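Asker: No sequence on hand, only this structure:
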């Protein structure tokens, strides 16, 4: 398998890296050096930080090692012998201590030997093209109380073109980085000095969010959902009852201790609140399915170190919904959700998904029969909707089977956004019921689902996917009027008013037209109308499109129709 | 003055109440018994609760005391003598202890004497018509660690008609009580066992909220506001910097203490977050005024005892906005806000306001000159907008002058919703600046404003104002189709689809038409279409209006136009 090949390839390159480092800086102590999703890294302990010059020297030495084409051998040793071999490597010794087996394996190439399970290529010469990418600091074993290591990242490929493509991909990803584009386009900010992982949506980002939220609500209402609003905090007794305090505690923000009263805690999930609404009155089979949707802002205490722009945050708004239905309604409901997922993701330009169906894990609640029924319902729905999917056996959450959907962005990166989860746990814990046709109380099926996942994260993905060039229906400023000279301002204002149905801006600054165009381009305004003498006299306006330049002269009516059509179609021009 | 007259009248009635209680239950210990906004109460300490029969007996005895027409005398005594008089009244003695004066005043009528500052009527016979209204428990001096008292409420008037009107008013207010109507109409719920003062918006309440929010956002965007979204928590350092931790601490939820890291705290206000967005880039005089609006959910730790349905809660969404402007722009901005206030409140049917302008208090920040300028700007704006207003001298907040606007509901009750406050404090604390035309950095004026106040509270007021009969543009279900028999169901479904632009329901239950009508009436659905044989055959539909009955037969087109017109006009039919 290709995946296994690259894993081996990258792992061997990481050993070559470590060998080069040991040759150049013998005092360095080795951490670990695995293959990762893209490439590899090796962690080193060294007082002085590696400089860019050091990296160049290391790369040079790595090339030498490749040229030496050293044979790579697997060696088994007793633990005692292993200790002797690793006596100068305290971090390796620490790992060795934890291996329960009698014998351990090493991989050896030339003078370099590393405690390692492998597998590896046969010789260093098999590595063809590589590049060291960056150095970052990391704690030994991820523990902030342990030593700070220097992690050198790299990538390698058999073909030069592969390496070049990958480096281009990294370059492109950097240019699309939402952490750079977001503030540059005045979309959002983060203020770590007043709390990490918390997003401040600026007016331009907020208008995009509002458009997404309005669209989301409208489509949900049309599709038989109802909207609810619930608090952001609850008494801890709610979290005890729901079980979150036992299985989710580490991700919950600390409790607020109130004198003489019970404690409050921020919600990491919306489900128990929807359950309380469900329980506020008697429900009948005639009321089902009930579909309640909420743009619910939740707070999860992610570790400082894993926070990443909009993609990993501490406060985010889920596009959450809970469906209460009878067992016979599951399949139909799942199909409807899948339709909704395709519709929403497609509207933002994501047409390429990967779908995973996760089945019963070893530890689970509910009966095996119910698991099987629910899992079959999920699978049948996927089949009926002609969705390709992979099965992740045993990867379901303990409370029920689920479907996860990953989208591919324009760089081919995968992002998990949508999730559909059956839950056998919460209905039991809260003893929710409905009266069935036969007059008996029965427990409804609960389905959790999110389509965009988190508005913050989805916004981050959108910024990168569009490279900040939001399609017309989402663009904060859809069109900007640029008068060439002051004498065109009055006419320009009239044109702006005539375009009031769009988000229209105007640049009345006393600046040269080229400067105005440059600024509109860098602010990624999709369309510009340039107003000069000719435009004031004729009935035709010069229309310019972002990054494409002038696209012609049009009447106001023609421009309106052009914009309306693109907005209507949610057209994407990346 | 009328107000003073009633105060005296009610206070005297409370003494008559106490005298009657002492005659019937000599063991009872007296608390205090003031006149209140409407009527009076007296607090009594007694082990056994007063029963409805007790109240009847007390009323009878009060009538006797009135008939006795006892002279009411003011008596001054030394504190020593006073102690002697009150030796059997421990609560009165406690109050006596705290009076610093040498002499204290009593009021005496027949055998009854009470420590009291007065004033009072001249004799018990002057009280004509009265009624005891209710008994509630209250802690002595509001302290939950002290004795539990029984508070008897009552009302009295010189004219019988006045009393009857007031009793009708109370009856009417009871029928409109949002705490009863809200759950009855399935609009919202509160779950004190999982946290008091936190509102769960059910689908029907949420759709009303959504309509209000959409309307609010649309109007704000059209009026030059931009929308922002900010987190619900911040590091405590933000609240230190803003000063909230010193002047607002008791209303803030407790801090969340995170290991090895700084502490977080829920926001009681949105302002510091908007300030951080302001500070995220350099601002110029050309950017001003900046108007940022947020439906920001805040959390304030109100005492358990003061919580009251939707009107006094612990979590609520402010329709907040902050305006950053130059000093010369204040007046114009205030006028624009007043226009917006009139427009919004008018849209919900509130046309009657009371406006208060609060001026500089004794303790204030900022310079007297700036206070004067700002206060003048507020006053000029009110004058130019032809608003009647009263001045509350010295009642401004320490950080700036303000305008408060109270609305009157259909029972004549006043509710403060809108507030417009100039703030000299926060801009200084956060050192926010703009570059003025002259190239110098200057501090902008900050205006806080809310129009509806809190969505929760406003919703509570609306429920009571409309008595649950929401106008068509807000009604969760605007029209319901009621088939008379099962054979009309199919046709009814077609009519429902034809009305899909409205929030249309259908009652397909196997119930008699009278039952269906009764249910639609009690759920306060504004319009009903009744479908029988005649309707299926003809092109005319029988239209029924809530609480008015049948209003005629109309074509589908006519019904659509009727509804559209009422929605467009935001017509209110209470």
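Answerer: Now that the structure is in, tell me what you want to look at. This is a predicted model, so every value here is computed, not measured.
Asker: Touching stretch A:14-22 from outside, list them.
Answerer: Identification of contacts with stretch A:14-22 by Cβ atoms under 8 Å, 6 or more residues apart in numbering or on different chains yields A:28, A:30, A:33-35, A:40-42, A:44, A:58-59, A:61-62, A:64-66, A:72, A:107, A:109-112, A:114, A:116, A:120, A:124, A:127, A:130, A:132, A:152, A:154. Glycine gets a C-beta too; all of them are placed from N, C-alpha and C.
Asker: hmm, try it at 7 Å
Answerer: Residues from elsewhere that reach stretch A:14-22, judged by Cβ atoms under 7 Å, 6 or more residues apart in numbering or on different chains: A:28, A:30, A:33-35, A:40-42, A:44, A:58, A:61-62, A:65-66, A:107, A:109, A:112, A:114, A:120, A:124, A:127, A:152, A:154.
Asker: and what of stretch A:23-37?
Answerer: Defining contact as Cβ under 7 Å, 6+ apart, one finds that stretch A:23-37 is touched by A:7, A:10-11, A:14-15, A:17-18, A:21-22, A:40-46, A:57-58, A:61, A:89-92, A:140, A:149.
Asker: so who does residue A:462 touch?
Answerer: residue A:348 are the contacts of residue A:462 under Cβ under 7 Å, 6+ apart.
Asker: Doesn't it lie inside a helix?
Answerer: Yes: counting by DSSP: H, G, I helix; E, B strand; the rest coil, residue A:462 is located in a helix.
Asker: roughly how far apart are it and chain B?
Answerer: 16 Å (Cβ to the nearest Cβ, to the nearest Å).
Asker: Residue A:470 touches residue A:208, doesn't it?
Answerer: Yes: with contact defined as Cβ atoms under 7 Å, residue A:470 reaches residue A:208; the gap is 6.5 Å.
Asker: still on that earlier bit, what about the contacts of stretch A:14-22, which are in helices?
Answerer: Among these, the members falling in helices (DSSP state H) are A:58, A:61-62, A:65-66.
Asker: Go through these and say which is closest to residue B:181.
Answerer: residue A:58 (74.4 Å; Cβ to Cβ).
Asker: distance of that closest one from residue A:130?
Answerer: For residue A:58, the distance to residue A:130 equals 11 Å [Cβ to Cβ, to the nearest Å].
Asker: list the contacts for residue A:322?
Answerer: Contact analysis of residue A:322 by Cβ under 7 Å, 6+ apart lists A:271, A:274, A:292, A:446-448.
Asker: ignore the last one, residue A:76
Answerer: A:103, A:105.
Asker: if we can go back for a sec, need the ones in helices among the contacts of stretch A:14-22 in CSV (columns: neighbour count, distance to chain B and pLDDT).
Answerer: Formatted as CSV, those follow (neighbours: other Cβ atoms under 10 Å in any protein chain shown; distance: Cβ to the nearest Cβ, whole Å; pLDDT from 0 to 100):
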residue, neighbour count, distance to chain B, pLDDT
A:58, 23, 34, 97
A:61, 18, 39, 97
A:62, 24, 38, 97
A:65, 21, 42, 97
A:66, 22, 44, 97
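Asker: The residue nearest to residue A:482 when sequence neighbours are not counted: neighbour count?
Answerer: Nearest residue to residue A:482, sequence neighbours excluded (Cβ to Cβ, 6 or more residues apart in numbering or on different chains): residue A:516, at 4.5 Å. Residue A:516 has 20 neighbours, counted by other Cβ atoms under 10 Å in any protein chain shown.
Asker: Shouldn't residue A:516 be within a helix?
Answerer: Yes: inclusion of residue A:516 in a helix is indicated when three-state DSSP is applied.
Asker: Just to check, it is in contact with residue A:483?
Answerer: No: in this structure, residue A:516 is not within contact of residue A:483 by Cβ under 7 Å, at 8.3 Å.
Asker: quick one: buried residues of whichever strand or helix holds residue A:173?
Answerer: Here residue A:173, judged by DSSP states H and E, is contained in helix A:160-175. Across helix A:160-175, burial judged by 16 or more other Cβ atoms under 10 Å in any protein chain shown covers A:163, A:166, A:170.
Asker: Figure out how far that helix is from the centre of its chain.
Answerer: 20 Å (Cα atoms, centre = their mean, to the nearest Å).
Asker: low-confidence ranges in chain A?
Answerer: Within chain A, the segments meeting pLDDT under 70 span A:1, A:259-261, A:574.
Asker: any idea how far the lengthiest helix in it is from the chain center?
Answerer: Longest helix in chain A by number of residues (criterion: DSSP H): helix A:2-24. Here helix A:2-24 shows a centroid-to-chain-centroid distance of 28 Å under the convention Cα atoms, centre = their mean.
Asker: Can you list the buried residues in that helix?
Answerer: Buried residues in helix A:2-24, counted by 16+ other Cβ under 10 Å: A:6-23.
Asker: Skipping its backbone neighbours, what lies nearest residue A:248 in space?
Answerer: What sits nearest to residue A:248 in space, not counting adjacent residues and going by Cβ to Cβ, 6+ apart, is residue A:268, at 6.0 Å.
Asker: What's the local residue count around that neighbour?
Answerer: 17.
Asker: is it true that it lies in a helix?
Answerer: No: looking at residue A:268 with three-state DSSP, it is coil, so not inside a helix.
Asker: contacting residues around it?
Answerer: Residues in contact with residue A:268, defined by Cβ under 7 Å, 6+ apart, are A:244, A:248, A:251-252, A:298-300.
Asker: Also residue A:225?
Answerer: Counted by Cβ under 7 Å, 6+ apart, residue A:225 has contacts A:291, A:293, A:321.
Asker: so what's the first one up against?
Answerer: This means residue A:291. Contact analysis of residue A:291 by Cβ under 7 Å, 6+ apart lists A:224-226, A:321, A:323.
Asker: Likewise for residue A:208?
Answerer: Counted by Cβ under 7 Å, 6+ apart, residue A:208 has contacts A:470, A:474, A:476.
Asker: again, 6 Å this time
Answerer: Contacts for residue A:208 (Cβ atoms under 6 Å, 6 or more residues apart in numbering or on different chains) come out as residue A:474.
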